[in-house]
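*Asks:* Quick one: sequence plus predicted model below, questions after.
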Amino acid sequence: MRILIVEDELKIASSIKKGLELSGYAADMVHDSESAFSYGLDSDYDLIIMDRMLPGGMDGLDVVNKLRDQNISTPILVLTAKGTLNDKVQGLNIGADDYLVKPFAFDELLARIKALLRRPVKSIGTILKVSNLELNPGSYEVKRSGVDIQLAAKEFSLLEYMMRHPNQILTKEAIINHVWDGDSDILPNTVEVYIGYLRNKIDKPFPKESSIIKTVRGFGYKLSNK
């Protein structure tokens with residue numbers, strides 16, 4: 001999953017980015033309101049962490065408001081030192097999905113991120129399911145036909161991204177943008193390698209089951225039981 005960090009304090013932004021990457025997320029950083037709006041509008045992020053006090057002519061809530069006016073529905077968590085009830089109500093009414101006051105514990109930030117990322121999957125609750133394959137984003141558990149499957153962090157991130165977009169063709173570029181950090185030097189064949197790792201763990205050990213990972217030649221991959 002790919003997250004945009006909007007924070008003008010470089011030390012805080014870098015700390016959040018490092019923590020997210022260690023937790024298996026890809027993360028980009030911007031430090032002013034114009035860049036925040038541009039990235040939020042033109043890039044495909046799964047979640048935005050938005051500082052409220054920003055340089056550049058707008059504050060974070062202005063950016064949230066403008067993004068919502070453009071029908072951008074990406075979940076937004078506002079991160080700010082302004083913690084009064086009125087501040088929180090204002091942020092939520094403008095279009096933020098959550099509001100966390102500085103100083104904060106990273107574990108709480110991570111828990112809130114996971115909660116927001118679960119929301120689009122309302123029909124299946126907190127467990128992602130494709131056929132008999134299950135993934136729990138909160139506990140990092142993966143099972144097929146009730147059998148536990150152990151995945152490395154990047155394998156888990158790749159599978160989670162694919163399971164959040166079942167029966168959709170995902171190009172290598174889209175996969176790289178969501179699973180790997182934008183600063184990383186990732187080649188297209190890296191995706192092929194990790195798809196191979198997943199097949200070795202979720203398809204090959206279950207020869208009596210239909211393969212779930214499909215290659216769509218010339219386009220990319222999809223997760224499907226059809």
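*Replies:* Structure's in. What do you need?
*Asks:* Name the residues of the biggest helix by length in the chain that are buried.
*Replies:* Scanning the chain for the helix with the most residues, using DSSP state H, yields helix 188-202. Of the residues in helix 188-202, those buried under the neighbour-count criterion (16 or more other CB atoms under 10 Å) are 190, 191, 194, 195, 197, 198, 201, 202. To be clear about C-beta, it is placed using only N, CA and C from the backbone, and glycine gets the same treatment.
*Asks:* Can you pull the domain assignment for the protein?
*Replies:* By the record's domain assignment, the chain is partitioned as 2-120, 126-223 (automatic domain parsing).
*Asks:* could you dump these to JSON lines with mean pLDDT?
*Replies:* What follows is the domains of the chain, written out as JSON lines (pLDDT from 0 to 100):
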{"stretch": "domain 2-120", "mean pLDDT": "89"}
{"stretch": "domain 126-223", "mean pLDDT": "88"}
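*Asks:* Just give the nearest non-adjacent residue to residue 223, would you?
*Replies:* Leaving aside its chain neighbours, residue 223 sits nearest to residue 162 (4.3 Å; criterion: CB to CB, 6 or more residues apart in numbering).
*Asks:* I'd like the distance between the one you found and residue 46.
*Replies:* From residue 162 over to residue 46 the distance is 13 Å, taken as CB to CB, to the nearest Å.
*Asks:* now residue 128
*Replies:* Distance of residue 128 to residue 46, given as CB to CB: 13 Å.
*Asks:* where along the chain do the helices fall?
*Replies:* With DSSP H applied, the chain shows helices at 10-22, 33-42, 60-69, 85-94, 106-118, 153-163, 172-179, 188-202, listed in chain order.
*Asks:* Could you give the bridge partners of residue 80?
*Replies:* Residues found in beta-bridge contact with residue 80 (criterion: DSSP bridges) are residue 101.
*Asks:* Quick check: it touching residue 87?
*Replies:* Yes. Applying CB atoms under 8 Å as the test, residue 80 and residue 87 come out as touching, 7.2 Å apart.
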